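Asker: everything below, folded, please.
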Amino acid sequence: MTHFDVVVIGSGSGNSLIDSSFSHLRTAIVERGVFGGTCLNVGCIPTKMFVHPADLAASVGESGRLGIDLRLEGVRWRDIRDRVFGRIDAISANGREYRAAGLPGTTLFEGTARFVGDRELRIALNDGGEETITADQVVLAAGSRAVVPPVPGVEDVPVHTSDTIMRIDEVPARLAILGGGVVAAEFAHVFGSFGSQVTIINRSEQLLGSLDEDLSATFTEHARRTWDVRSPARVTHAAVTADGGVRLELSGPGDPGTVEADLLLVATGRRPNSDLLDLAAGGVDVDAAGVVVTDRHQRTSAPGVWALGDVANSFQLKHLANHEARVVQHNLLHPEDLWERDHEHVPAGIFTRPQIATVGLTEAQARAQGVPHVIARQQYGDTAYGWATEDTVGFAKLLLDPDSGHLLGAHLLGLDATTVIQPLITALTFKIPAREFARGQFWIHPALSEVAENALLKHNPPVG
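Answerer: Numbers count the residues shown, from 1 in each chain. Below is the predicted model:
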């Protein structure tokens, strides 16, 4: 049995923990799948590499109203796919090689680890062997995985998740998407822009229902104009068609009918990989959703066991996982000076079309919590750049403290929303009053950032 000072389970954000500052320690990394984690291999990086050409393709259908007649002559899906994974697979392979042979003092175990005691792990190696190791400190960074709901017949049809859909050989003529969240919205944009007839099936009336109600309603209205949206509806049965596709029987108000497609993309969410770790044997608690319970220092209920990322929070965001990794790294090296994580103002972006970005309280949350607030709204089309692009959809919605002008939440839908929101994240995080933040610096005219500036200026603090 081999003993280590630190063992990290997972090679996503957990991989960034072990650097030269750990050179005096004996360390190990355990990875059961492809090296580099969700974001690199099946998440944020490859999806955005598909989103960018999808944006270019979509612009063809939108350019006519501006006097530009463009024509989409074709989408070379395999070229796009191979460009994406030709780069990503090489990064993953190089990362694995570095951990396997390039960093003195670190051992890479490729297999599935589970607890068999207090900081004691048994690893079922991918090559069929087995290894048992112990450690002074264990870091759980095992990530999450896509789930397929138990729909009758679904096991017999051509089903994909976000883990597999990007590696298919051809753009399907008809794509059915089960789910109405972030993954559904982004892939509907990608495949719809590349020529697929997209049908979205969602149990709730609104798509992106966890967002602020105005964002969700506006995006749902846009989606209904762009794709075939069946909601509220649920799939009662799935079957293979004569041509090898999929037929979905639906139920719901107004008889949502049936859907036939070439492929089914299941985008109903991801679950933490905590169930693969036999955490009870290690004394590690999880909540009802299977998320590892951690304190503000990222410590679990078991002494010497830490957790971060998708296995330890419900946000499932890479930038938060990286933040938690920095906290854990510091705390492992400086146990006398523990850092605290920050989950207070975590922003999120959705790279569909139009883009969506959000941070802080939604209007519904503010009402439910009894938080006094006023709302400032700015249409994209009422700023210079938005007017130039003839934007008729985009907007920013801010929730502000009526007295202090402190930002409570910011919700944007429109061109480059994930970039435009960044100064609003700054104002929210550092508690800078709206008008002070707007008037205390220059905003480039006529840049799109004026959407944020003008929204902030709509706060009028009480006199006296």
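
Asker: shaky segments in the stretch 51-200 of the chain?
Answerer: Low-confidence segments of the stretch 51-200 of the chain (pLDDT under 70): 102.

Asker: which stretches of it form strands?
Answerer: Listed in chain order, the strands of the stretch 51-200 of the chain (DSSP state E, counting those that start in this stretch) span 106-117, 120-125, 130-140, 144-146, 159-160, 174-178, 197-201.

Asker: out of those strands, which one sits most buried?
Answerer: Among those, strand 174-178 has the highest mean neighbour count (mean count of other CB atoms under 10 Å), at a mean of 26. C-beta: built from backbone N, CA, C; applies to glycine.

Asker: quick one: strands adjacent to that one?
Answerer: Partners of strand 174-178 in the sheet, by DSSP bridges, are strand 197-201 (parallel), strand 263-266 (parallel).

Asker: these: which one's closest to Ile29?
Answerer: strand 263-266 (30.2 Å; CB to CB).

Asker: the helix or strand following the closest one pairs with which strands, parallel or anti?
Answerer: Per DSSP states H and E, the first helix or strand lying C-terminal to strand 263-266 is strand 270-272. Using DSSP bridges, strand 270-272 pairs in its sheet with strand 144-146 (antiparallel).

Asker: tell me how far the closest residue to Val190 other than its chain neighbours lies from Ala188.
Answerer: Excluding its sequence neighbours, the residue lying closest to Val190 (CB to CB, 6 or more residues apart in numbering) is Ala54, at 4.4 Å. Applying CB to CB, to the nearest Å, one obtains 10 Å for the distance of Ala54 from Ala188.

Asker: how about Val293?
Answerer: 35 Å.

Asker: give me the more crowded residue out of these two.
Answerer: A count of neighbours by other CB atoms under 10 Å puts Ala188 above the other of Val293 and Ala188, at 26 against 14.

Asker: hang on, that one packs against Ala223?
Answerer: Yes. With contact defined as CB atoms under 8 Å, Ala188 and Ala223 form a contacting pair (7.2 Å).

Asker: quickly list what's touching both of the two.
Answerer: By CB atoms under 8 Å, 6 or more residues apart in numbering, Ala188 and Ala223 have these common neighbours: Ile200.

Asker: next up, the contacts around the residue nearest the centre of the chain.
Answerer: Centroid-nearest residue in the chain: Leu317, 4.8 Å away (criterion: CA atoms, centre = their mean). Leu317 is in contact with Val346, Ala348, counting by CB under 8 Å, 6+ apart.

Asker: and the pLDDT for it?
Answerer: According to the per-residue confidence, Leu317 scores 97 in pLDDT.

Asker: distance check, it against Gln206.
Answerer: In this view, Leu317 and Gln206 are 22 Å apart by CB to CB.

Asker: same question for Leu215.
Answerer: Going from Leu215 to Gln206 by CB to CB gives 10 Å.
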